[in-house]
Every structure is written in structure tokens, then in C-alpha cells.
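A.B. asks: Predicted model and sequence follow; I will ask about them next.
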Amino acid sequence: MQIFDIVIVGGGPIGIACGLEAKKNGLTYVVLEKGTIVNSLYNYPVNMQFFSSSEKLEIDEIPFISNEAKPRRNEALEYYRRITTSNELEINLFEKVVSITKKDEIFATVSNKNEYKSKNIVIATGFYDIPNKLNIPGENLEKVSHYYNDPHFYSKQKLVIIGASNSAIDAALECYRKGADVTLIIRGDEVGQRVKYWVRPDIINRIKEESIAVFYNAEVAEIVENEISIKTENGIKTIKNDFVLALTGYKPNFTFLENLGVELSNDNKRKPVYNENTMETNVKNLYLAGVICGGMETHKWFIENSRIHAKLIVANILKK
């Protein structure tokens, strides 16, 4: 069996960047992605617009040209797909990693399709697959979703959106403009400060004119088939409801990291242990790249400030 220099787990923008950097430096590698190319971006809302400008989403100095300064989902899919195909990247799609073990300095990576051996492992799996659950009665009802796709689906429906960050606010505005009766449930006393600066005034004005209802300092207590109960400062409030979007964020697969032997911080941030200069974890020759490095602080790392990880990792491997 071939022993690769690197097996890269995750075919998002940073996983692709790692593959390109490995190829450029003559290392043998393979990228394993459980879905399609940049699977997480593919599952973003259809109308999603990035906070970052296009040049900050570029990898390997390949120009990203978009119609607006801040590109949209479909443009990003085109960009990363063209990079993958034009550079003939060694990427195996719809191949989910089941386990990774290490023996005698060699990693054995088992997927649902194959087995690979490598000297090094790069984990670039992001965090979008595991939502932060509310852990309340009714969360598993069919009308509840932790992912948002297309506003048309919610037209003329009574929609509750839980959350105060970009995903929740974007969904609230889009669904309202497609005819949904939108109610926002926000745990704090205001719309999140990290909401895109050109979007935040829009949602605040829609709330002020009562086009979108909001409960501040509130949490959902229970979800039933046709209603939802909300804990407010004035007690429990029950409203009619057709659908719930619980857009309360996502988290990395900590169990996967722990099974690999990666140490995590003991606080609620659960930050993985790694060398910031090389991206190597406490497990020798096992590296992290991209947003997974932030643990629960998923807002700390994104494409524009983690694309450098590929160069740090490959440079360290070449030195050994």
C-alpha cells in the first residue's frame, strides 16, 4: 500500500489550500471529503453573501473575481470548483473518514470506501456538521431545523428564528421579504454586534417598524406542533407557529479529535492544543487547519485568516 506524505481530511477551502501546497512542493497527498467539493459552502443558504471581500477568500494567490466586492455562495462554489479541477487536485469526494490510528509513526486512515497510510495527517474538517442543540422539548419535531436554505419555503408561514448572529439575521430578513411572518428570539438584549455592518441597520429598522417581531432576553421553552412557548422577562409567552429555524451556531467534532489523542482546553472554549507556528498538535505529525482550530470560538477563524495554515503545515513537514 502506498504511504502518502499527507492525508488531508476535509475538502473545504482550507483543505483544498493544503492539497495545493502539498502538490506544489512535490509531496504525495490525498484529500478526503465526505460530501461534494467545499461541502459546507454548498450547504450554505442559496442567497448567502460573504462578509469577506473576494480577494480575502483567494487561495494559493489564484484571483477570485466576483460581481460585487463581497461574493455570494454561487460565485464561491464556482471559484473553488475551478481551482480543484483545473489543478487536478487529488481529492476523493463522498468519502467519509471513519477512523484514524497511528502505529510506528504511520497513520492508518479508514474511510467508508478505502484505507490509506500516511506519514502526516491534516484535519481541516471545519465545524458546520454539528449544530449547537437547544436541548428543549420538541426540538426533534419535523418543523424544526438547524439549517436554513431558501426563503421561498417559508412564504406565508409563521416562522420563529432563534439566534442573533449573521445566519439568523440573514434568514429573518430574507424570509420576511418572501412573505413569512417572522419572529426573532434573541437571548441577549440586542441584535449581535458581529452581524454584517450593512445588514444590521436593516434588521434594526425592520424591528422598529414592527415588520419583524422580536423577543429580547428570551429563550424557547418548548416547541409543539402548532405553537412555541418562549421564556421572557414577563413570563412564558405562547405564540402560533408553523416552522422553527434554530440558528444557534455549530461546533467541531470534538469526539473525533479526542479519539485522535488531540488535547482540548479544560474550559468551555475546548480549544485544541497546537503549535501556532506549525499547526502541529500534541500528536506528532498530526496537524489542524482552518476553523477547527478555534474550538467553540468558531468566529475566530475563517477562510481569510486561516488560509496561511497550509503554508505553515507544509513548510514544517518539509523541514523534518
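C.D. replies: Okay, I see it.
A.B. asks: And the strands in the stretch 1-150 of the chain, which stretches?
C.D. replies: Using DSSP state E, counting those that start in this stretch, the strands of the stretch 1-150 of the chain run over 3-9, 29-32, 91-92, 97-103, 106-111, 115-123, 130-131, 144-145.
A.B. asks: The next helix or strand after the last one pairs with which strands?
C.D. replies: Per DSSP states H and E, strand 144-145 leads on to strand 158-162 as the next helix or strand towards the C-terminus. The sheet places strand 158-162 alongside strand 181-185 (parallel), strand 243-246 (parallel), with pairing taken from DSSP bridges.
A.B. asks: Could you list the residues in contact with the longest one?
C.D. replies: Read it as strand 181-185. Strand 181-185 is touched from outside by 156-164, 168, 172, 175-176, 207, 212-215, 218-220, 230, 239, 241, with contacts defined as CB atoms under 8 Å, 6 or more residues apart in numbering. For glycine as for every other residue, the C-beta is placed from the backbone atoms N, C-alpha and C.
A.B. asks: What is the subsequent helix or strand relative to it?
C.D. replies: Downstream of strand 181-185, the next assigned helix or strand under DSSP H and E is helix 200-208.
A.B. asks: strands paired with the following helix or strand past that next one, and their directions?
C.D. replies: Sequence order places strand 213-215 as the next helix or strand after helix 200-208, per DSSP H and E. According to DSSP bridges, strand 213-215 forms sheet pairs with strand 181-185 (parallel).
A.B. asks: Now the strand it pairs with: buried residues?
C.D. replies: 181, 182, 183, 184, 185 (16 or more other CB atoms under 10 Å).
A.B. asks: Other residues contacting stretch 69-82?
C.D. replies: With CB under 8 Å, 6+ apart as the criterion, stretch 69-82 contacts 13, 16, 37-38, 41-42, 44-54, 57, 59, 64, 66-67.
A.B. asks: CA-only coordinates of stretch 261-279 in PDB, if you can.
C.D. replies: What follows is stretch 261-279, C-alpha atoms only, in PDB (Å, rounded to 0.1, in the frame of the first residue of the first chain):
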ATOM      1  CA  GLY A 261      -5.400  11.900  21.000                       C
ATOM      2  CA  VAL A 262      -5.700  15.700  20.500                       C
ATOM      3  CA  GLU A 263      -5.800  17.600  23.800                       C
ATOM      4  CA  LEU A 264      -8.500  20.200  24.300                       C
ATOM      5  CA  SER A 265      -8.600  23.100  26.800                       C
ATOM      6  CA  ASN A 266     -10.400  22.300  30.000                       C
ATOM      7  CA  ASP A 267     -12.600  25.400  29.800                       C
ATOM      8  CA  ASN A 268     -15.900  25.800  27.800                       C
ATOM      9  CA  LYS A 269     -13.900  27.000  24.700                       C
ATOM     10  CA  ARG A 270     -12.500  23.500  24.200                       C
ATOM     11  CA  LYS A 271      -9.600  24.800  22.100                       C
ATOM     12  CA  PRO A 272      -7.400  22.100  20.600                       C
ATOM     13  CA  VAL A 273      -3.700  22.200  21.600                       C
ATOM     14  CA  TYR A 274      -1.400  23.000  18.700                       C
ATOM     15  CA  ASN A 275       1.700  25.000  17.800                       C
ATOM     16  CA  GLU A 276       0.600  28.200  16.200                       C
ATOM     17  CA  ASN A 277       3.900  28.400  14.200                       C
ATOM     18  CA  THR A 278       3.500  24.900  12.600                       C
ATOM     19  CA  MET A 279      -0.200  24.000  13.300                       C
END
